[in-house]
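Asker: This is a predicted model, with the sequence first.
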Amino acid sequence: MGIDRPARSVAWIIAASSFAFAVIQLDVTIVNALLTRLGSRSTFFDMLPGFVLIPAGIGLAVPAMTTAILSSVDRARSGVASAVLNAARQVGGAIGVAAFGALVSGITAEQITSGLKIAALTAAALLIIATFIALSVRSERDARG
């Protein structure tokens, strides 16, 4: 029973979600900086740092996000919350792969690198929008009580 109290506390939820936001924002910023410098003559090794940082950031952020979400619901509803989280993650991943894959597709190297830059900037813009939405939801929840 002692383990449930810290997991359910508001401070724990805010710390976990803040950590997830900070990791994702830092990771996307670095990856965008690395990907936007690529050109049509870039090698695999030029792309490698960005492609290593993407899963590293996700690997650090997802446990914090899962903890924040599951800690914010009653224990009796944790299965439903987990299912909704996983379904949303799967659907978002499928849509992201399809959308960003379409942006990156091209015949020439210049088209592919141009699409890669557009995809990176689009991802950064969507992350900024998601951050503002999450912060406004948290502010509304704090205001209610």
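Answerer: Perfect, thanks for sending it. Numbers count the residues shown, from 1 in each chain.
Asker: nearest residue to residue 66 other than its sequence neighbours?
Answerer: Sequence neighbours aside, residue 85 is the residue nearest to residue 66 in space, at 6.6 Å (criterion: Cβ to Cβ, 6 or more residues apart in numbering). All C-beta atoms are positioned from the backbone trio N, CA, C, and that covers glycine.
Asker: Buried residues in the strand or helix carrying the one you found, which are they?
Answerer: In this structure, residue 85 is located in helix 78-104 according to DSSP states H and E. Buried positions in helix 78-104, judged by neighbour count with 16 or more other Cβ atoms under 10 Å: 81, 100, 103, 104.
Asker: Then stretch 108-121?
Answerer: Buried-residue list, stretch 108-121, by 16+ other Cβ under 10 Å: 112, 113, 114, 115, 116, 117, 119, 120.
Asker: Quick one: distance of it to the chain centre.
Answerer: 21 Å (Cα atoms, centre = their mean, to the nearest Å).
Asker: Can you pull out the residues in contact with that stretch?
Answerer: 31-32, 35-36, 38-42, 100, 103-106 (Cβ atoms under 8 Å, 6 or more residues apart in numbering).
Asker: rerun at 6 Å
Answerer: Outside stretch 108-121, the residues that touch it by Cβ atoms under 6 Å, 6 or more residues apart in numbering are 32, 35, 36, 38, 39, 40, 100, 103, 104, 106.
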